[in-house]
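In: just a sequence and a predicted model for now, questions to come.
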Amino acid sequence: MRYYLLLLFIGFGLCFTSCREDFEFERSSNASLEFSRDTVYLDTVFTNIGSSTYTLKVYNRSDKDIKIPSIHLGQNNDSEYRLMVDGVPGKVFNDVELLAKDSMFIFVETTIDYSKYTNSETTFLYTDNIQFEHTNGTQKVELVTLVQDAVFIKPNRSLPDNIKEKLNLSGYSTNLEGHELTTADELHWTNEKPYVVYGYALVPNGKTLTVDPGARVHFHAGSGLVVDTSGTLNINGGLSSTEALENEVIFEGDRLEPEFSDVAGQWNTLWIFSGENNSINHLTLKNAAVGILMDVLDDVRPRLTINNSQIYNCTDFGILARHAYINGDNLVANNAGQASVALTQGGDYNFRQCTFANYFSAFNQVPLLINDYTETEDAVLVSNLVANFDNCILYGSSNLGLSLENKFPQDVTFKTKFNHCLIKVIDTSNQLRSNPLYPSDANDPEKALYTECIIAKSSINDKPDFLDPQNNILFIGEDSAANGTADAAVATVVGTDILGVSRQSPYDIGAYESIVFTEE
């Protein structure tokens, strides 16, 4: 019996011994902490919009487990920054444990109300630091954020129900959340402050939205700009002399971090129903789902003149036009999930000195898509098409620079004309040879659709020699097949290229005059 009691006593002793803490943490350490960076730069944020989450890694390189007596923000609870240390949110932390030869993450965020800080400019730097108190003193990691004031356009809320404003289009109720632009200030976007749009901003019938040179417009996820059937849009960007593009109008998402600068699909679209004389000049539009969507409402055909503009990185289309009127000079479109430019359900189109490329991926996407129909849930809509292209480049990573479909030849007229264009058509299986819409031989006099065009039949010859098309740098070099092969009559009428460079004989195809590439 005594033997069994002794074993039981030993067992209880082992149990209590195993319940002690596995590590003996010292409250302080003579070993300094190390950090993944000495300054955390939180990229530019708009007033009252939360930043992304940024990461700081803290290392204990010593052989001892330690407790850091205090980790806190320099301004403590008054700081505009927020921390998460070892999974716990806050601004002041005591006795933070860190094992020997181990590390931990600290996450940093901020939301700053611009109006709380006196500043005559539209941007200011907000700074603080994270302080680590231990026996060796205090170590600091600086925090820096650039804050921009902005004009916010967002749906009103109707009280007491707190329901967001919904838009009416030409008298029709919709489920689109947004805000109707009515006042003089709302209908004139300047370059004094950036604009941030939530939901859809609507240019109503009988009103004109004017956008000044240098304006910056940022769209939140799911947002866009809508122009009603008799509203008018005038984007009046201008030539810029510096890399800051000081006179260019820029439409993009509201995520300002560098890693989002070329991410497609951050906002929805510029949606034009208007049949008025809408004009766009020197606009850079990027990172939308559909860059410009032109749609028919109440049998009003949308109309647009677009010059010296660029449309990049759209998940679906750079331009999607349905039975529209478009005239475009020096227009550049690249990197779209389906087509950089899609002209559907017929319409009337004239493009001169344009560069339509597509390097979104290696398969299926095309620079230019043209057809005579649009399919809806209830019907297939067909319309006549007239489309002229002069001195244009149609080239991308897939085999075809264009996709043409005359699905209802018995019902509609389908007229395309390509004059002095550089077009990629690699028909390895000869599927297009018998299709009268495509060039089988650019020099065949019976092929009146293609006049003096250069047809690139392989990826080796007749290339445009783009500088960096994957990153939307579509300058052409001296070795380009587009160099010196344009129609002089068209080039002289258009005059300058998209950068304001005078076109010189022999004239070049596309939106850019050729340049000499230099190695850095």
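Out: Nice, I can see it.
In: contacts, neighbours, all on C-alpha from now
Out: Noted.
In: excluding chain neighbours, what is closest to the most centrally placed residue in the chain?
Out: In the chain, the centroid-proximal residue (CA atoms, centre = their mean) is Asn287; its distance is 1.9 Å. Nearest residue to Asn287, sequence neighbours excluded (CA to CA, 6 or more residues apart in numbering): Ala264, at 4.1 Å.
In: got a list of what that neighbour touches?
Out: Taking CA atoms under 8 Å, 6 or more residues apart in numbering as the definition of contact, the neighbours of Ala264 are Lys286, Asn287, Ala288, Ala289, Asn313, Cys314, Thr315.
In: can you map out the helices along this structure?
Out: Under the criterion DSSP state H, the chain contains helices at 2-18, 488-494.
In: mean pLDDT lowest for which of those?
Out: Mean pLDDT values for those show the minimum at helix 2-18, a mean of 42.
In: related to what we said a few turns ago, out of the contacts of Ala264, flag the one nearest to Asn335.
Out: Asn313 (4.9 Å; CA to CA).
In: so Ser361 sits against Ser397, correct?
Out: Yes - between Ser361 and Ser397 there is a contact at 6.9 Å, judged by CA atoms under 8 Å.
In: the more surrounded of the two?
Out: Remark: of Ser361 and Ser397, Ser397 carries more neighbours, 22 against 15, as counted by other CA atoms under 10 Å.
In: that one against Asn358, yeah?
Out: Yes - Ser397 lies in contact with Asn358 (CA under 8 Å); the separation is 6.5 Å.
In: one step back: quick one: buried ones out of the contacts of Ala264?
Out: Taking 16 or more other CA atoms under 10 Å as the criterion, what is buried in these is Lys286, Asn287, Ala288, Ala289, Asn313, Cys314, Thr315.
In: bridged to the first one, which residues?
Out: What it means is Lys286. In this structure, Lys286 bridges to Tyr312 when assessed by DSSP bridges.
In: so how far is Ala342 from it?
Out: Relative to Ala342, Lys286 is positioned 16 Å away (CA to CA, to the nearest Å).
In: what about the residue nearest to the centre of the chain, distance to Arg61?
Out: From Asn287 over to Arg61 (counting by CA to CA), the distance is 43 Å.
In: quick check: Gly224 touching Gly199?
Out: Yes - counting by CA under 8 Å, Gly224 touches Gly199, with 6.5 Å between them.
In: which residues touch Val197?
Out: Val197 is in contact with Phe152, Ile153, Lys154, Val217, His218, Phe219, His220, Ser223, Gly224, counting by CA under 8 Å, 6+ apart.
In: could you redo the last one with a cut-off of 7 Å?
Out: By CA atoms under 7 Å, 6 or more residues apart in numbering, the residues touching Val197 are Phe152, Ile153, Lys154, His218, Phe219, His220, Ser223.
In: export the longest strand seen in the chain to PDB, keeping only CA atoms.
Out: In the chain, taking DSSP state E as the definition, the longest strand is strand 317-336. Taking Å, rounded to 0.1, in the frame of the first residue of the first chain, the C-alpha atoms of strand 317-336 are listed here in PDB:
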ATOM      1  CA  PHE A 317     -12.800  46.500 -72.200                       C
ATOM      2  CA  GLY A 318     -10.900  49.800 -72.600                       C
ATOM      3  CA  ILE A 319     -13.800  51.100 -74.700                       C
ATOM      4  CA  LEU A 320     -17.100  49.300 -75.200                       C
ATOM      5  CA  ALA A 321     -19.400  51.100 -77.700                       C
ATOM      6  CA  ARG A 322     -22.800  49.900 -78.600                       C
ATOM      7  CA  HIS A 323     -24.300  51.600 -81.700                       C
ATOM      8  CA  ALA A 324     -22.300  54.700 -81.000                       C
ATOM      9  CA  TYR A 325     -20.600  57.600 -82.800                       C
ATOM     10  CA  ILE A 326     -16.900  58.000 -82.000                       C
ATOM     11  CA  ASN A 327     -14.200  60.100 -83.600                       C
ATOM     12  CA  GLY A 328     -10.800  59.600 -82.200                       C
ATOM     13  CA  ASP A 329      -7.300  60.900 -83.000                       C
ATOM     14  CA  ASN A 330      -4.100  60.000 -81.100                       C
ATOM     15  CA  LEU A 331      -5.900  57.500 -79.000                       C
ATOM     16  CA  VAL A 332      -4.000  54.700 -77.200                       C
ATOM     17  CA  ALA A 333      -5.600  51.700 -75.600                       C
ATOM     18  CA  ASN A 334      -3.800  48.700 -74.100                       C
ATOM     19  CA  ASN A 335      -4.200  45.800 -71.700                       C
ATOM     20  CA  ALA A 336      -7.800  44.700 -71.400                       C
END
